[in-house]
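**Student:** Build me a model:
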Amino acid sequence: EINLELDLKESDTSNYVRWLDLDQAITYVQYDYKGATITREYFVSYPDNVLVIHLNTTKDTLPTTKVTFKTQAASTNTIKAADDRISFEGTLTDNQMIFNFKLAAQTGQSGSISTSGNSLVISNSNDIFIFASAATDYKDIHPKYRTGETQEEVGKRVLKVVNDAVLKGFEKVRNDHLKD
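**Tutor:** Numbers count the residues shown, from 1 in each chain. Take a look at the predicted model:
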């Protein structure tokens, strides 16, 4: 579960609206805050195999935003935030399936990203871009139902997907999503 915690008081917001554009397969959340309009845009790109989150504001900078990831799945796992990324990996306790999740954050033309424990803290930015992907070692072939990959191999596969999306950039990922 990806959590975005913006440093704002709900009482300072107004005109809250959310909608799903079925033609574009993009969902939006929008509200006014201290004279600006803040928009959150979410979509999952099949061509790039990533979840994309874009936050922006029409004025000044976004409130400081804390990005965290957590799960309630019973597992042995590790989570780490470093270098503008969150990595979460482990093994489910019930069937020992290997899983891996990676999230990369970027700011627009301004802003900074730091870590606080296992979270990313994004400040002084008018745009935030988040790219996330996940994979497991599941394979639909009887009797083992596994790819035979190690945790490291699954992690490298997910890292490549996220890195490729980051290098491609938000606009190209979004445009390829819309073409799909």
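**Student:** Contacts only, for the most centrally placed residue in the chain.
**Tutor:** Taking C-alpha atoms, centre = their mean, the centroid of the chain lies closest to residue 132, which sits 4.0 Å from it. Going by C-beta atoms under 8 Å, 6 or more residues apart in numbering, residue 132 touches 2, 50-53, 101-104, 162. Heads up, the C-betas are built off the backbone N, CA and C, glycines and all.
**Student:** How about residue 105?
**Tutor:** 67, 84-85, 113, 120, 122, 128-130.
**Student:** got a list of what the spatially closest residue to residue 41 that is not a sequence neighbour touches?
**Tutor:** For residue 41, ignoring the flanking residues on the chain, the nearest one in space by C-beta to C-beta, 6 or more residues apart in numbering is residue 54 at 4.4 Å. The contact partners of residue 54, taken as C-beta under 8 Å, 6+ apart, are 39-42, 127-130, 170.
**Student:** Residue 170 now?
**Tutor:** Listed by C-beta under 8 Å, 6+ apart, the contact partners of residue 170 are 52, 54, 106, 129.
**Student:** Tell me, how many residues neighbour residue 55?
**Tutor:** Neighbourhood size, residue 55 [other C-beta atoms under 10 Å]: 23.
**Student:** From residue 45, how far off is it?
**Tutor:** For residue 55, the distance to residue 45 equals 17 Å [C-beta to C-beta, to the nearest Å].
**Student:** Mind checking which of the contacts of residue 170 are in strands?
**Tutor:** Secondary structure from DSSP state E places 52, 54, 106, 129 of the contacts of residue 170 in strands.
**Student:** Can you tell me which of those is nearest residue 93?
**Tutor:** The nearest member of the ones in strands among the contacts of residue 170 to residue 93, counting by C-beta to C-beta, is residue 52 at 30.7 Å.
**Student:** The closest one pairs with what?
**Tutor:** In this entry, residue 52 is beta-bridged to residue 43, residue 131, by DSSP bridges.
**Student:** Surely it and residue 130 touch.
**Tutor:** Yes. Residue 52 lies in contact with residue 130 (C-beta atoms under 8 Å); the separation is 7.0 Å.
**Student:** which of the two has more neighbours?
**Tutor:** residue 130 (23 against 20).
**Student:** For the spatially closest residue to the more buried one that is not a sequence neighbour, report the pLDDT, please.
**Tutor:** Of all residues not flanking residue 130 in the chain, residue 53 sits nearest, at 4.1 Å (C-beta to C-beta, 6+ apart). In this model, residue 53 is scored at 98, pLDDT.
**Student:** OK, contacts around residue 53?
**Tutor:** With contact set as C-beta under 8 Å, 6+ apart, residue 53 has these partners: 2, 4, 40-42, 128-130, 132.
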